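Q: let me see the structure of the following:
(2 chains)
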Amino acid sequence: MEVKDIIKEENLAYKKTKVLTDNEMHYCPGCTHGVVHKVIAEVIEEKDIQENTIGISPVGCSVLAYNYLHIDWQEAAHGRAPALATATSRLMPDKYVFTYQGDGDLASIGAAEIIHACNRGENIVVIFINNGIYGMTGGQMAPTTLEGMPTSTSPYGRDIKLSGHPLKMTELVANLPGTTFVARHSAETAGAVRKLKKAIRKAFDNIDEKKGTSFIEVVSTCSSGWKLTPEASNTWMKENMFPFYPLGIIKDE
Amino acid sequence: MAKVKGAVVVDIEKCKGCNLCVVECPTDTLALSPNVNGKGYNYAYMESPDACIGCSNCGLVCPDSVITVYKVKLQQA
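A: Numbers count the residues shown, from 1 in each chain, chains lettered A, B, ... in the order given. Model prediction:
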């Protein structure tokens, strides 16, 4: 059978969801943001809630996420996405409100907002992209940077005595009574993407049931910041990030 | 003989040549082309189309969502 005989509408097995726009993403080649955007878009399409979803985008590489997902968006000041999401979900309780934040946004300047939003148990979904670095501003050390990991502001590796320990936000918010579903996933293989999709689906289903905050961390790569190829970044992530940030569901109530 | 046969269509101009689909392909169907697209990236293409089983793994891991996958079940001879 020739390839041209296979490429027909009735044989379609996988295609880009319509919730994603046709704009070309500005992300670097191999960036995990693209995969996570796609998974969120697929969940929104599956649940048929495109008209009722409001995303809150952070400051960071994904500040331009509104260009890629065909839903309503708000842009928060640095780290304040959970505060904006609180207001949005309280004013419009029938909407599906989610924040999409990086580790520089959520774990550093926005640490207070996220902890209090999770503690209040706001009916929102938080997607937390953790690549251990400030990607957009040039690869500086973030709160989540691993011990000994070189960045542009810690060229000899993170020194615990000088900069403290890497922050495990997911374990931290799992202790708060307001959270209902807390999980850590990754998106480097097809299997991991399927698991991530299941988790995000569950998080959006929790909004239906008004159960409280769902928090999903995605351990990600930053090939430009880490100065590795996308493939080598995935290997580095498996060898170094996964032992410190173990994957799995931490809390499911 | 394989029972299913697939085909992958890559949006060449949008592909950034990150190589993640090539790594994820279980049958070594995909490879990066020696040619470049308008942006100067070596885009992904089907190097050995006969090997494709239409598993959609490439489409799932593609960060730029440029991959469409087709799949047919073959009649047993």
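
Q: so for the closest residue to chain B within the stretch 1-150 of chain A, what's the nearest residue that isn't a sequence neighbour?
A: Closest to chain B within the stretch 1-150 of chain A is A:Gly34: 2.9 Å, counting by Cβ to the nearest Cβ. All C-beta atoms are positioned from the backbone trio N, CA, C, and that covers glycine. Nearest in space to A:Gly34, with sequence neighbours left out and distances taken as Cβ to Cβ, 6 or more residues apart in numbering or on different chains, is B:Pro63 at 2.9 Å.

Q: check whether stretch B:48-57 comes near chain A.
A: Yes - part of stretch B:48-57 sits close enough to chain A to count as contact by Cβ under 8 Å from any Cβ of the partner chain, namely B:49, B:54-57.

Q: inside helices: which ones of the residues you listed?
A: Using DSSP state H, the members of those that fall within helices are B:Asn57.

Q: so how do I select the buried members of the residues of stretch B:48-57 next to chain A in ChimeraX?
A: Buried residues among those (16 or more other Cβ atoms under 10 Å in any protein chain shown), as a ChimeraX selection:
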select /B:49,54,55,56,57
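
Q: turn the residues of stretch B:48-57 next to chain A into CSV, including pLDDT.
A: Formatted as CSV, the entries for the residues of stretch B:48-57 next to chain A read as follows, by pLDDT from 0 to 100:
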residue, pLDDT
B:Pro49, 89
B:Gly54, 91
B:Cys55, 92
B:Ser56, 92
B:Asn57, 93
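
Q: spell out which parts of chain A neighbour chain B.
A: A:1, A:3, A:5-8, A:11-17, A:20, A:24-25, A:27-35, A:38, A:187-190, A:193-194, A:223, A:229-231, A:234.

Q: now intersect these with the helices, please.
A: Using DSSP H, the members of these that fall within helices are A:3, A:5-6, A:32-35, A:38, A:190, A:193-194, A:223, A:230-231, A:234.

Q: ranges for the strands of the stretch 101-250 of chain A?
A: Secondary structure of the stretch 101-250 of chain A (DSSP state E, counting those that start in this stretch): strands located at A:125-130, A:133-134, A:140-141, A:179-186, A:213-219, A:248-252.

Q: swap that for chain B, please
A: Counting by DSSP state E, one finds strands in chain B at the ranges B:4-10, B:30-36, B:42-46, B:67-73.

Q: tabulate these in a markdown table, adding columns for distance to A:Glu51.
A: Shown next, in a markdown table, are the strands of chain B (distance: least, Cβ to Cβ, whole Å):
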| stretch | distance to A:Glu51 |
| --- | --- |
| strand B:4-10 | 30 |
| strand B:30-36 | 36 |
| strand B:42-46 | 34 |
| strand B:67-73 | 26 |
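
Q: could the ones you listed go into a markdown table alongside distance to A:Pro143, mean neighbour count and mean pLDDT?
A: Listed next are these as a markdown table, based on distance: least, Cβ to Cβ, whole Å; neighbours: other Cβ atoms under 10 Å in any protein chain shown; pLDDT from 0 to 100:
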| stretch | distance to A:Pro143 | mean neighbour count | mean pLDDT |
| --- | --- | --- | --- |
| strand B:4-10 | 38 | 21 | 92 |
| strand B:30-36 | 36 | 15 | 94 |
| strand B:42-46 | 35 | 20 | 93 |
| strand B:67-73 | 35 | 20 | 92 |
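
Q: in TSV, list the ones you listed along with distance to chain A.
A: TSV is the format used below for the strands of chain B (distance: least, Cβ to the nearest Cβ, whole Å):
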stretch	distance to chain A
strand B:4-10	4
strand B:30-36	11
strand B:42-46	7
strand B:67-73	4
